[in-house]
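*Asks:* model this:
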Amino acid sequence: MDDRRRLIIAIVLMLGVAFLPSFFLSRNDQPVADRPSFDIPGDPPAERADTVADTLVERPPVVLENEIPAPTPVADTERTVVVRSDLYEYEFSSRGARFVRATLLNYESLAPGDDGPANIIPDSSAFLESALVFGNDTLHLGDWSFQPSLEVMDVTSENRELTWTGRRGQATVRLTYSFHPEEYLFRVRGELEGFPTDNPLLLVRIGPTLRSVEVDSTENFRSYGIVTRAGNTENLKFSSLDPGETTALPGPFDWIAIKSKYFVGSILALEGELGQPRFGGALAQAPPQTGRQTTKVRVTAAMAVRERSFRYSVYVGPQEYRRLSRIGYGLEDVNPYGWIFRPIIRPVSLVIVRMLLWGHENLNLAYGWLLVLFGVGIRILLWPLNQKAMRSQMAVQEVQPDVEALRKKYAKDQQKLGQETMKLYKERGINPLGGCLPMLLPMPILFAFFFVFLNTIELRGVPWMWLPDLSRPDPIYIIPLLMGGSMFAVTKMGQRGVPPNPQAKMMLYAMPVIFTVMFLNFSSGLNLYYTSQQLASIPQQWLISQRRMARLTRK
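*Replies:* All right, here's what the predicted structure looks like:
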């Protein structure tokens, strides 16, 4: 069972914990559009496309069938150019000026057998390739041999541009990659000479995947998706495509990305406001493969070339919210906090992330201690509401003799029984749900923490005390067991002074066990926060139970 299913079950159980105690203790009581797709034989999809969705290019549909004839290039040994900064080492191949390796120096690979910084481009693969379309002819630049302006490049120096020059006959393609030492984003500028038309169509291919550098590769595969931005952000999961299936992604797009759990590779048309066209559309193709789960999808995006030139940008790096926010164009939205709960959970998740990062950087506190403080702080903030909720529960219990009398009087008329019961509550100034609703308030925060630890790279691989990684389960299960014990203590105190009830007694023992089992494989950070909150609620429960016992003594 994966974490997503566990979370859904946990939601149901938590709702049960919130509502069922009042239900049992007062009882005696009243009675988620399919995208268009078409078959494109061949691999990659740019080589045999039918119609590329491009709303910005005023031209008939482009059919890619014929390769532009050209003289056979002089044999040249493929070599790589390494681009270095303090953040990354990017490698590019002279064959097609392709992007073939991205080593992120600040992120360790956690994959079994890996050692050192994470390389997120698979071996023997190229994340970035391009082609040009002239009417019914296509020219695949991946077959060209390009000459680089540098063999090795240090981005911290003054020279931050790497120029590639490729020639075939009279045709010349010049690609300039511009880097920044503090950003994973680099810009691509292309210039064409000696071609039959000044305004061909540019096809840019990314994929077919990002390399897994996580401990749990299966969980990482579940996060694989294609994310596009055209006003709204759309996420197409790899798992939703069948092997060999091709899907059209109608644009225009500001950017198109392939993402894993923590990392993302994206092409961005960031110069749109200056007249540069955006990506008009794209095709996503899952190549034929053996197995039930698709883990590779090639994406080919189309862009108009104007006046023999084109521009776009490439981001290959971590899904750091603040870094992506600085780029703009909603690229930070590539991180899918929330699933179907997104409108509620995402804002809460982002507030939590900001608070954790601020506390870590400005207070110099470990993330583990921040989670403990966060859990205790939530309980302190909700103390007045919980007091009100518990007093409401006590008031409901006090009128139970009257409710029981009504039940006997209207045993054969359930509608009348409900009306008279609500009338009794109204006369006594009691809200029968008053004891439940405040218990629901911490739940959006708990669910938000689930997604924070599921998707936030800043918490990836962060240790605390005996925990090697707050984003992974507790390896010796100390925190889940402590959470179950604290839940038992809170529930036990809540039943002090309450008339015996078989259902409530069953919940006393069953719910802590169920929740402990559920939380065993959740992230240890989530467990730490929830356990801290549970422990912080014990004093309040004890005070309320003492007050309840005092009332019983006076009676």
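*Asks:* have a look at the chain and report its longest helix.
*Replies:* Longest helix in the chain by number of residues (criterion: DSSP state H): helix 524-554.
*Asks:* buried ones in that helix, by neighbour count?
*Replies:* 524-537, 540-541, 544-545, 548 (16 or more other C-beta atoms under 10 Å). Every residue, glycine included, has its C-beta placed from N, CA and C.
*Asks:* from the contact counts, what lies against that helix?
*Replies:* helix 367-381, helix 383-398, helix 442-455, helix 478-494, helix 502-519 (3 or more C-beta pairs under 8 Å, 6 or more residues apart in numbering; DSSP states H and E).
*Asks:* average pLDDT across that helix?
*Replies:* Averaging pLDDT along helix 524-554 gives 81.
*Asks:* can you check stretch 266-285 too?
*Replies:* Mean predicted confidence for stretch 266-285 is 75.
*Asks:* now do stretch 485-504
*Replies:* For stretch 485-504, the per-residue pLDDT averages 73.
*Asks:* same check, this time on stretch 234-251
*Replies:* 85.
*Asks:* distance from that stretch to the middle of the chain?
*Replies:* 18 Å (C-alpha atoms, centre = their mean, to the nearest Å).
*Asks:* so what are the domain limits for the chain?
*Replies:* Under automatic domain parsing, the residue ranges defining each domain of the chain are 3-32+343-554, 45-68+78-330.
*Asks:* pull the distance from the longest one to the chain's centre.
*Replies:* The reference is to domain 45-68+78-330. Taking mean C-alpha positions (C-alpha atoms, centre = their mean), domain 45-68+78-330 and its chain are 21 Å apart.
*Asks:* the bottom helix or strand of this protein by mean pLDDT?
*Replies:* strand 66-67 (a mean of 42; mean pLDDT, DSSP states H and E).
*Asks:* so which of the helices and strands packed on helix 524-554 is nearest Ile267?
*Replies:* Checking the helices and strands packed on helix 524-554 against Ile267 by C-beta to C-beta gives helix 442-455 as the closest, at 21.7 Å.
*Asks:* and that closest one, what's its mean pLDDT?
*Replies:* 80.
*Asks:* so what secondary structure elements neighbour that helix?
*Replies:* By 3+ C-beta pairs under 8 Å, 6+ apart, helix 442-455 packs against helix 3-25, helix 342-362, helix 524-554.
*Asks:* any idea how far apart the tips of stretch 156-166 sit?
*Replies:* One end of stretch 156-166 sits 27 Å from the other (C-alpha to C-alpha, to the nearest Å).
*Asks:* stretch 282-294 now?
*Replies:* 19 Å.
*Asks:* nearest residue to Leu249 in space, please, no chain neighbours.
*Replies:* Ala282 (4.2 Å; C-beta to C-beta, 6 or more residues apart in numbering).
*Asks:* over to His140?
*Replies:* His140 sits nearest to Ala131 (C-beta to C-beta, 6+ apart), 4.7 Å away.
*Asks:* helix, strand, or coil at that neighbour?
*Replies:* strand (DSSP: H, G, I helix; E, B strand; the rest coil).
*Asks:* count of neighbours near the nearest residue to Pro473 once chain neighbours are set aside?
*Replies:* In space, and not counting its chain neighbours, Pro473 is closest to Asn521: 5.0 Å by C-beta to C-beta, 6+ apart. Using other C-beta atoms under 10 Å, Asn521 has 16 other residues around it.
*Asks:* coming back round to it: mean pLDDT for the domains of the chain: which is lowest?
*Replies:* For the domains of the chain, where the average pLDDT is lowest is domain 3-32+343-554, sitting at a mean of 76.
*Asks:* is the residue nearest to His140 in a bridge, and if so with what?
*Replies:* Beta bridges link Ala131 to His140, Leu203, judged by DSSP bridges.
*Asks:* what sits against it?
*Replies:* Ala46, Glu47, Thr138, Leu139, His140, Leu141, Gly142, Leu202, Leu203, Arg205 (C-beta atoms under 8 Å, 6 or more residues apart in numbering).
*Asks:* and the strands in the stretch 151-300 of the chain?
*Replies:* 152-154, 161-168, 171-178, 185-193, 201-206, 225-230, 232-237, 246-253, 255-259, 263-268, 279-285, 298-304 (DSSP state E, counting those that start in this stretch).
*Asks:* next secondary structure after the last one?
*Replies:* Helices and strands here follow DSSP states H and E; after strand 298-304, the next one along the chain is strand 309-318.
*Asks:* mind listing what's buried in that next one?
*Replies:* Phe310, Arg311, Tyr312, Ser313, Val314, Tyr315, Val316, Gly317, Pro318.
*Asks:* turn the strands of the stretch 151-300 of the chain into a markdown table, columns for distance to Arg379 and mean neighbour count.
*Replies:* Shown next, in a markdown table, are these (distance: least, C-beta to C-beta, whole Å; neighbours: other C-beta atoms under 10 Å):
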| stretch | distance to Arg379 | mean neighbour count |
| --- | --- | --- |
| strand 152-154 | 52 | 16 |
| strand 161-168 | 55 | 19 |
| strand 171-178 | 51 | 18 |
| strand 185-193 | 42 | 18 |
| strand 201-206 | 46 | 24 |
| strand 225-230 | 36 | 22 |
| strand 232-237 | 35 | 14 |
| strand 246-253 | 45 | 22 |
| strand 255-259 | 35 | 25 |
| strand 263-268 | 36 | 25 |
| strand 279-285 | 46 | 26 |
| strand 298-304 | 46 | 25 |
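*Asks:* still on that earlier bit, give me the distance from the longest helix of the chain to the chain's centre.
*Replies:* 34 Å.
*Asks:* my guess is Phe515 contacts Met487, does it?
*Replies:* Yes - here Phe515 lies in contact with Met487, judged by C-beta atoms under 8 Å, at a distance of 5.9 Å.
*Asks:* nearest to Phe221, of the helices and strands packed on helix 524-554?
*Replies:* That would be helix 442-455 among the helices and strands packed on helix 524-554, by C-beta to C-beta, at 14.1 Å.
*Asks:* mind listing what's buried in that closest one?
*Replies:* Quick answer for helix 442-455 (16+ other C-beta under 10 Å): Pro442, Ile445, Leu446, Phe447, Ala448, Phe449, Phe450, Phe451, Val452, Phe453, Leu454, Asn455.
*Asks:* so for the fourth one, what's the nearest residue that isn't a sequence neighbour?
*Replies:* Here the nearest residue to Phe447 in space, its sequence neighbours aside, is Ile345; by C-beta to C-beta, 6+ apart that works out to 5.6 Å.
*Asks:* state the distance from the one you found to Leu175.
*Replies:* 41 Å (C-beta to C-beta, to the nearest Å).
*Asks:* likewise Pro112?
*Replies:* Pro112 is 37 Å from Leu175, where distance means C-beta to C-beta.
*Asks:* likewise Ser125?
*Replies:* If you go by C-beta to C-beta, the gap between Ser125 and Leu175 works out to 19 Å.
*Asks:* repeat for Gly166
*Replies:* Gly166 is 8 Å from Leu175, by C-beta to C-beta.
*Asks:* between those two, which contacts overlap?
*Replies:* Joint contacts of Gly166 and Leu175 (C-beta under 8 Å, 6+ apart) are Ala97, Phe146.
*Asks:* quick one: residues contacting Leu324.
*Replies:* Tyr315, Leu331, Glu332, Val334, Asn335.
*Asks:* hmm, Gly166 and Val173 touching each other?
*Replies:* Yes - with contact defined as C-beta under 8 Å, Val173 reaches Gly166; the gap is 4.7 Å.
*Asks:* intersection of neighbour lists for those two?
*Replies:* Common neighbours of Val173 and Gly166 (C-beta under 8 Å, 6+ apart) are Leu141, Trp144, Phe146.
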